[in-house]
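Colleague: predicted model and sequence below, questions to follow.
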Amino acid sequence: MFIVLLGAPGAGKGTQAKRVSQRMGLPHVSSGDLFREHERRGTELGQEAQRYLSRGELVPDSVTSAMIRERLGQPDSRDGAVLDGFPRTEPQAQALAGLLAEVKGQVDHAVLIRVPEDRLVERLAGRRVCENQGHVYHVTFNPPRQPGLCDQDGSPLLQREDDQPETVRRRIRVYEEQTRPVVEFYRRLGLLREIEGDQGIDQVTEDILHALQLEVEG
Ligand code: AP5
């Protein structure tokens with residue numbers, strides 16, 4: 001089963017993708033995490049991507065789609081994945097449909113997590129991410145047991161470079177202009193499930209699983 005998670009920056013896609021992928025036994029494939037991993041390893045792709053990430057702009061479609069094709073070609077995602085942050089433009093949505101068709105697959109569900117803009121800014125300003133593996137916290141809404149340290153691996157918690165207020169505003173604008181059409185793309189296909197994201201993390205997870213289950217049963 002291939003599930004696409006959609007939503008503005010800070011809507012909680014990464015937080016929910018980790019939980020949903022665990023509950024459903026599917027790999028979590030995050031385009032943002034893949035770019036940041038390339039950046040850490042200092043690859044050519046990472047250096048190119050970094051220029052876009054630091055400005056809050058989208059990495060070109062051809063680069064992004066090729067990276068996802070490579071990731072979905074790995075054995076763990078042959079039968080499905082929870083996709084977080086991809087597709088983010090209509091050409092990427094078309095590319096995904098094409099590459100899944102090659103393995104006789106398709107997007108089964110697209111889940112939109114809706115959160116008002118003022119809450120997004122608050123969430124991104126307080127987000128902290130662990131240095132080692134990118135575990136996500138929030139200083140108020142999801143704090144670590146020990147301030148500044150990851151509960152899971154004890155590594156220091158850092159602020160993402162693109163979570164600075166000006167870059168956050170740019171990312172939200174880019175989302176409205178370039179990713180909204182993807183929401184409409186999946187709505188037209190009848191695959192869109194809309195979830196209220198402005199509630200507790202556990203409740204959002206339950207609502208997503210409930211929505212997916214309804215579709216599975218329906
Ligand atoms: P990416 O890493 O995908 O960033 P994003 O989409 O902007 O999403 P975020 O990771 O910022 O937020 P999220 O929705 O995952 O929220 P989270 O769960 O962390 O992309 C980064 C960049 O990479 C892009 O700007 C672009 O340059 C490039 N890129 C990536 N994909 C691309 C693509 N397909 N094409 C081209 N370029 C691409 O939660 C946020 C905070 O809120 C956390 O602190 C969390 O603890 C807290 N929180 C979560 N849920 C709740 C809740 N229910 N209540 C209270 N707090 C909550």
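Modeller: Now that the structure is in, tell me what you want to look at.
Colleague: in this structure, which strand is the longest?
Modeller: strand 107-114 (DSSP state E).
Colleague: ok, then the element right after that one?
Modeller: Downstream of strand 107-114, the next assigned helix or strand under DSSP states H and E is helix 117-125.
Colleague: averaged pLDDT, that next one. What do you get?
Modeller: The average pLDDT for helix 117-125 rounds to 94.
Colleague: re the thing from before, show me what counts as buried in the longest strand of the chain.
Modeller: For strand 107-114, the neighbour count (16 or more other Cβ atoms under 10 Å) marks 107, 109, 110, 111, 112, 113 as buried. No exception for glycine: its C-beta is placed from N, CA and C like everyone else's.
Colleague: how far does that strand sit from the chain's center?
Modeller: 11 Å (Cα atoms, centre = their mean, to the nearest Å).
Colleague: any chance you could list what contacts that strand?
Modeller: Identification of contacts with strand 107-114 by Cβ atoms under 8 Å, 6 or more residues apart in numbering yields 1-7, 11-13, 16, 80, 96-97, 100, 183, 186, 189, 191-198, 204, 208, 211-212, 215.
Colleague: quick check: residues of this protein near the ligand?
Modeller: Contact residues, the chain versus the ligand (Cβ under 6 Å from any ligand atom): 7, 9-15, 31-32, 35, 52-53, 56-59, 64, 85-86, 88, 92, 123, 126-127, 136-138, 141-142, 162, 171, 197, 200-201, 204.
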